[in-house]
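> Task: produce atomic coordinates for the following.
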Amino acid sequence: MSVVVDDLLVGRIRELPGGGATSGIYKRPVDGPLWLSETGFVGDEQADLRHHGGPEKAVHHYPADHLPFWRGELPGAELGPGAFGENISTTGVTEADVCIGDTFTVGTATVQVSQGRQPCWKLDRRFETRGVSRRMQAVRNTGWYYRVLQPGHVQCGDRLVLIDRPEPEWPVARVLQLLFDRRTGAADEWAAVSGLGTLSPSWRETFAARVGTGTVEDWGSRLGAS
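Modelled structure (predicted):
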């Protein structure tokens, strides 16, 4: 598997519409090579480092394949590459095609899929529309994150080339479905995914906690604020 990086994007922290909150969700395309470190691209920022960024979420990849759907959901919104805060935009590969732990070379860097995205209320504020984060969660077109195994230079036009697939049974789409489904009878699957060594520690802990309690965590604070 390989896919071309159609757009490479970074952004600085800005205030969200309505005031009182900031975000690095506003990304713009970059021309020329950009250094990718273990914590992300040079020039990229996140406002809330507790929930965004860091080594397990160094790079966000969002398929441009989803943009036609969102144009139907958000008529009049500016919905080009970078609209959802992604660093990498491609066409032809979605959550169904990429597995947890998939390892890619891109430019001179090497990256590994660590988890999907958990959309939050800042999407509602960014688009000035209630329910965007809940809708993204419902349809599970969240994109995914990479950890950086080998820092290097990346530029638009480089190819993400798959070099290893340690977890072929766990596409990102399957893990997202398991995470966002409120069924309480999925303990065996929760246990299985909590043991995936290439899944981010926070997601492994979430699934392990479900096994222990038999319940699904509350998403209200993540999705409900506006």
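> CA only for contacts and neighbour counts going forward, please
Noted.
> Show me what the residue nearest the centre of the chain is bridged to.
When the chain is reduced to its mean C-alpha position, the closest residue under C-alpha atoms, centre = their mean turns out to be residue 144, at 3.2 Å. Here residue 144 shows beta-bridge partners residue 61, residue 116, assigned using DSSP bridges.
> Over to the one 4 residues further on?
In this entry, residue 148 is beta-bridged to residue 111, by DSSP bridges.
> which helices and strands sit right next to the lengthiest helix in the chain?
In the chain, ranked by residue count with DSSP state H as the criterion, the top helix is helix 201-213. The helices and strands touching helix 201-213, judged by 3 or more C-alpha pairs under 8 Å, 6 or more residues apart in numbering; DSSP states H and E, are helix 187-194.
> Okay, buried residues for stretch 114-123 please.
Neighbour-count burial for stretch 114-123 flags 114, 115, 116, 117, 118, 119, 120, 121, 122, 123 (criterion: 16 or more other C-alpha atoms under 10 Å).
> In strands, which of those residues fall?
Per DSSP state E, strands hold the following members of those: 114, 115, 116.
> and residue 81, which of the three is it?
The local conformation at residue 81, judged by DSSP: H, G, I helix; E, B strand; the rest coil, is coil.
> Compute the number of surrounding residues for residue 33.
By the measure other C-alpha atoms under 10 Å, the count of residues near residue 33 is 14.
> and the gap between it and residue 22?
From residue 33 across to residue 22, the span is 27 Å (C-alpha to C-alpha, to the nearest Å).
> re earlier: which one of the buried residues of stretch 114-123 sits closest to residue 14?
The nearest member of the buried residues of stretch 114-123 to residue 14, counting by C-alpha to C-alpha, is residue 122 at 11.8 Å.
> Now find how far off-centre stretch 58-75 is within its chain.
Average the C-alpha atoms of stretch 58-75, do the same for its chain, and the two points are 12 Å apart (C-alpha atoms, centre = their mean, to the nearest Å).
> Then stretch 209-226?
When C-alpha coordinates are averaged (C-alpha atoms, centre = their mean), stretch 209-226 and its chain have centres 19 Å apart.
> which other residues reach that stretch?
The set of residues that contact stretch 209-226 without belonging to it, under C-alpha atoms under 8 Å, 6 or more residues apart in numbering, is 119-122, 124-125, 130, 133-134, 182-185, 187, 190-191.
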